[in-house]
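[1] Here you go, sequence then predicted model.
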Amino acid sequence: MADTKLYISYNQIHQLIENAVDNFHMGEDFSPDLMIAIGGGGFIPARILRSFLKAKRGHNIPIQAIGLSLYEELPNAGQDGVPEVPGVQVTKTQWLNFGGADSLVSLLGRKILIVDEVDDSRKTLVYAVAELLKDIEEQERKKGLQPGESGTEIGIFVVYNKDKPKAGDLPEKVMDRYYAAATTPDRWLSFPWDCTTDIAEHTELAKKSFSTSM
């Protein structure tokens with residue numbers, strides 16, 4: 001990973017998502033009716049994205065949250081000069097819940113958009129898609145449908161994609177609906193929600209990072 005640390009502000013993320021919605025014609029070519037935010041970095045981007053999609057479509061899109069852990073648990077990871085180090089195995093800490101196991105809403109026939117802040121090694125995204133496909137196929141089986149017969153579609157939105165070799169491959173149909181608001185070299189990204197000291201100082205550092213990366 002490059003030594004240069006890229007500071008990112010809330011305003012920059014907001015602008016990147018707005019531009020991505022326009023550039024990728026989101027809500028038109030692929031119009032999701034369910035977003036799945038990968039915690040904790042996907043929560044804020046998903047909420048911002050929903051506002052822009054609502055402006056296009058006129059109604060809100062429900063957001064579900066899943067918890068997946070890949071980064072090693074290091075003291076002060078992501079802050080105080082300690083970078084987050086990708087782990088080896090993805091761990092599922094929270095999965096879809098539409099109100100309890102007895103009231104699971106069908107995923108079948110939906111256009112589902114998975115949202116995260118960064119596509120680093122791609123392990124987390126590959127795992128999330130694989131697990132979601134298992135759920136969809138199980139629901140199809142219970143309905144007497146063949147795998148894929150429900151027409152359910154999955155897309156991915158990330159704020160940043162790191163330009164680096166990936167540890168896994170996404171299905172081709174999912175890659176056809178892969179949206180990255182920005183692409184950056186492999187470097188340490190410091191997001192505003194990781195800031196635990198002075199957010200104003202973080203924002204100023206983000207402005208400097210932006211000017212030197214242009």
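    Now that the structure is in, tell me what you want to look at. Every value quoted in this text rests on a predicted model; they were computed, and no experiment measured them. Numbering: from 1, shown residues only.

[2] which regions of the protein sit below the pLDDT cut-off?
    1-3, 71-88, 97-105, 211-214 (pLDDT under 70).

[3] Please enumerate the strands of it.
    Under the criterion DSSP state E, the chain contains strands at 2-7, 34-39, 63-71, 86-94, 111-119, 153-163, 178-185, 187-190.

[4] need these in JSON lines with distance to R47 and mean neighbour count, can you?
    Every residue, glycine included, has its C-beta placed from N, CA and C. Converted to JSON lines, the strands of the chain look like this (distance: least, Cβ to Cβ, whole Å; neighbours: other Cβ atoms under 10 Å):
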{"stretch": "strand 2-7", "distance to R47": "21", "mean neighbour count": "14"}
{"stretch": "strand 34-39", "distance to R47": "8", "mean neighbour count": "22"}
{"stretch": "strand 63-71", "distance to R47": "7", "mean neighbour count": "17"}
{"stretch": "strand 86-94", "distance to R47": "17", "mean neighbour count": "12"}
{"stretch": "strand 111-119", "distance to R47": "9", "mean neighbour count": "23"}
{"stretch": "strand 153-163", "distance to R47": "12", "mean neighbour count": "22"}
{"stretch": "strand 178-185", "distance to R47": "15", "mean neighbour count": "17"}
{"stretch": "strand 187-190", "distance to R47": "19", "mean neighbour count": "19"}
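
[5] okay if I get the ones you listed as TSV plus distance to K54?
    Converted to TSV, those look like this (distance: least, Cβ to Cβ, whole Å):
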stretch	distance to K54
strand 2-7	29
strand 34-39	11
strand 63-71	12
strand 86-94	25
strand 111-119	13
strand 153-163	15
strand 178-185	17
strand 187-190	27
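
[6] Just tell me which of those ends up closest to K207.
    Nearest to K207 among the strands of the chain is strand 2-7 (8.4 Å), distances taken as Cβ to Cβ.

[7] Figure out which of the strands of the chain is closest to L133.
    Across the strands of the chain, closest to L133 is strand 153-163 (Cβ to Cβ), at 7.5 Å.

[8] ok, and what's touching that closest one?
    For strand 153-163, contacts defined as Cβ atoms under 8 Å, 6 or more residues apart in numbering pick out 8, 13, 16-17, 20, 26, 30, 32, 45, 49, 110-120, 125, 129, 132-133, 170, 173-174, 177-187, 189.

[9] Paired strands for that strand, with orientation please.
    strand 111-119 (parallel), strand 178-185 (parallel) (DSSP bridges).

[10] tell me the angle it makes with strand 34-39.
    Comparing the axes of strand 153-163 and strand 34-39 via axes from the mean of the first three to the mean of the last three Cα atoms, to 10 degrees yields an angle of 40 degrees.
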